[in-house]
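1. how would this look folded up:
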Amino acid sequence: MTELAIQDLLDTQTVAIRDIVCDGKCRHKSAEECPSSTYLVFPYRGVYLRHLGSEDAVAEANQVLFFNQAEGYRISHPVQGGDACLSISVREELLRELAPKEHLHDNTAVMFRKQRWQIDPRAQVLVALLRHSLLNNSIEMLEAETLTLTLIRRALGERASRATRTTYGRQKLVDRAKLVLSTELSRRWTLAEIAAEVGVSPVYLTQAFAQVEGVPLYRYQLRLRLARALDLLGSYDDLSALGLELGFSSHSHFTAAFRQAYGRTPAQFQRSANLR
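-> Take a look at the predicted model:
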């Protein structure tokens, strides 16, 4: 049976935040669950599949997932290692104010039309700052609430939620490629290896991935590695070792990629989140 470790990080009149860690032992679809309210879920470690009717969504650190009130779903873990997410609920009238109207169903309750949206590196770093700061009690409640609303505004913004037109087949192909990348996050994959795993040509894979996700395949993998770095920075003194563990060729390569994505070096992030 899959086991969950749930830690309440913040609970105010405005927002509630939980850190949820799953051991991922349930490889098949779980029993159906049905949320009592709408949640925004930001995966930051590992990967899982969410099954909503006939539609599946790969949950990983480049996405925010919407768990709509009273909408039943199932979870499975095709990749070993478990997962971890930051789950955020916002008072309904505030969430309605934050969410673009065209992305919501015309219901009394706030419910999103899509299962997931892609988030950008700025949103990823906000997730990490919020989680680390709440875990080590280095942030005031007012600041935490403000940072949470900033994160949600960023995740729901026009830039993050811009939809790309694609087909069901291409979406499934891209999802298979994501699962392949997640099996060995630090591996230096070649395009031919990934294409062979999903059963298409390298040319078709690059075209399909860029069309569906809006970014090249290599950049998507880089964002996954950097999101994992955000998760692990509180556990490492030796940043060179962390970079090598995540597949970067050197400390300078790791630092340059991190700075380009998040606007600060790994060491600067450690200091800003009071990790060191």
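2. just the pLDDT at Trp189, thanks.
-> You'll see Trp189 listed with a pLDDT of 89.
3. and the pLDDT at Tyr220?
-> The model reports Tyr220 with a pLDDT of 92.
4. which residues touch the closest residue to it other than its chain neighbours?
-> Excluding the flanking residues, the one nearest Tyr220 by Cβ to Cβ, 6 or more residues apart in numbering is Glu213, at 5.9 Å. In this view, the C-beta of every residue, glycine as well, is placed from N, C-alpha and C. For Glu213, the contact set (Cβ atoms under 8 Å, 6 or more residues apart in numbering) comprises 62, 118, 164, 174, 220.
5. ok, now Leu65?
-> 40-41, 43, 50, 57, 59, 115-116.
6. pretty sure it is in a strand, no?
-> Yes - counting by DSSP: H, G, I helix; E, B strand; the rest coil, Leu65 is part of a strand.
7. any idea what it is bridged to?
-> Per DSSP bridges, the residues bridged to Leu65 are Val41, Arg116.
8. do Val58 as well
-> Leu49.
9. that one and Ala177 touch, don't they?
-> No - at 9.4 Å, Val58 and Ala177 do not qualify as touching, with contact defined as Cβ atoms under 8 Å.
10. rewinding a little: which one of the contacts of Leu65 is nearest to Thr108?
-> Thr108 lies nearest to Leu40 out of these, by Cβ to Cβ, at 19.1 Å.
11. count of neighbours near the residue lying closest to that closest one once chain neighbours are set aside?
-> Distances taken as Cβ to Cβ, 6+ apart put Ile88 closest to Leu40, at 4.8 Å, once the chain neighbours are dropped. Ile88 has 24 neighbouring residues, counting by other Cβ atoms under 10 Å.
12. and Ile88, that's in a strand?
-> Yes - membership of Ile88 in a strand is supported by three-state DSSP.
13. beyond the helix or strand harbouring Arg131, next helix or strand please.
-> Taking DSSP states H and E as the criterion, Arg131 maps to helix 121-135. Going down the chain from helix 121-135, the next helix or strand is helix 141-155, by DSSP H and E.
14. got the buried residues for that following helix?
-> 144-145, 147-149, 151-152, 154-155 (16 or more other Cβ atoms under 10 Å).
15. can you check stretch 56-75 too?
-> Of all the residues in stretch 56-75, those buried under the rule 16+ other Cβ under 10 Å are 56-69, 71, 73-75.
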